[in-house]
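> For reference, the sequence and a predicted model appear below.
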Amino acid sequence: MKKVEIFTDGACSGNPGPGGWCAILRYGKNEKQISGGEAQTTNNRMELTAVIMGLSALKMPCRVKLVTDSRYVADAVGKGWVFSWRDKGWKKADKKPALNVDLWEKLLELLETHEVEFVWIKGHAGHEENERCDRAAVAEIEKFK
């Protein structure tokens with residue numbers, strides 16, 4: 001399997017409000033940046049969308065190191081919460097419904113194709129790729145203003 005790095009970020013102006021996302025894919029010295037946005041969304045939806053779009057851009061199964069500043073995404077997968085939510089009919093431990101089920105279902109499908117290691121980093125802390133993703137996500141928001 002090819003080893004790929006993906007760096008992601010999502011942003012929102014208001015929550016909900018216009019949002020943007022970005023993913024940087026890196027394979028060796030090759031790099032591709034993709035981004036997009038929505039007129040009315042939430043920060044967590046944009047964080048998830050960045051991850052989904054990054055993984056969806058891969059043309060074959062890969063071993064992926066996915067770097068995100070979203071605890072929501074990294075912890076939900078890394079700590080197994082999303083699998084528990086799914087197994088309990090998309091209910092969280094507190095019996096409340098899980099949010100963003102449509103996106104979690106897409107992500108879980110992609111996790112069956114790729115071997116993904118989620119790595120959480122602190123946002124807005126000088127991490128080069130995270131800062132680039134943030135700038136691109138914010139630029140996407142401007143298209144809706």
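The structure has been received and is ready for your questions.

> Can you give me the neighbour number for residue 94?
Using other Cβ atoms under 10 Å, residue 94 has 5 other residues around it. Every C-beta, even on glycine, is put in place using the N, C-alpha and C of the backbone.

> Doesn't it lie inside a strand?
No. Remark: residue 94 does not belong to a strand; assigned using DSSP: H, G, I helix; E, B strand; the rest coil, it is coil.

> Look up phi and psi at residue 97.
Main-chain dihedrals, residue 97, degrees, to the nearest 10: phi -70, psi 140.

> Locate the residue nearest the centre of the chain within the secondary structure: which element?
What sits nearest the mean C-alpha location of the chain, by Cα atoms, centre = their mean, is residue 51, with 2.8 Å. Using DSSP states H and E, residue 51 maps to helix 43-56.

> Render the CA-only coordinates of that helix in CSV, please.
This file holds the C-alpha atoms of helix 43-56, laid out as CSV (Å, rounded to 0.1, in the frame of the first residue of the first chain):
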residue,chain,number,x,y,z
ASN,A,43,-17.5,23.9,11.9
ASN,A,44,-17.7,20.1,12.7
ARG,A,45,-19.3,19.4,9.3
MET,A,46,-16.5,21.2,7.6
GLU,A,47,-13.9,19.3,9.6
LEU,A,48,-15.5,16.0,8.6
THR,A,49,-15.9,17.1,5.0
ALA,A,50,-12.2,17.9,4.8
VAL,A,51,-11.3,14.4,5.9
ILE,A,52,-13.9,12.8,3.6
MET,A,53,-12.8,14.7,0.6
GLY,A,54,-9.1,14.1,1.3
LEU,A,55,-9.7,10.3,1.6
SER,A,56,-12.1,10.3,-1.4
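
> what's that helix packed up against?
Packed against helix 43-56 by the contact rule (3 or more Cβ pairs under 8 Å, 6 or more residues apart in numbering; DSSP states H and E) you find strand 2-12, strand 17-27, strand 30-41, strand 62-68, helix 71-78, helix 101-113, helix 128-142.

> how far away is the residue lying farthest from the centre of the chain from residue 116?
Within the chain, residue 95 marks the point farthest from the mean C-alpha position, 24.7 Å out by Cα atoms, centre = their mean. According to Cβ to Cβ, to the nearest Å, residue 95 and residue 116 sit 29 Å apart.
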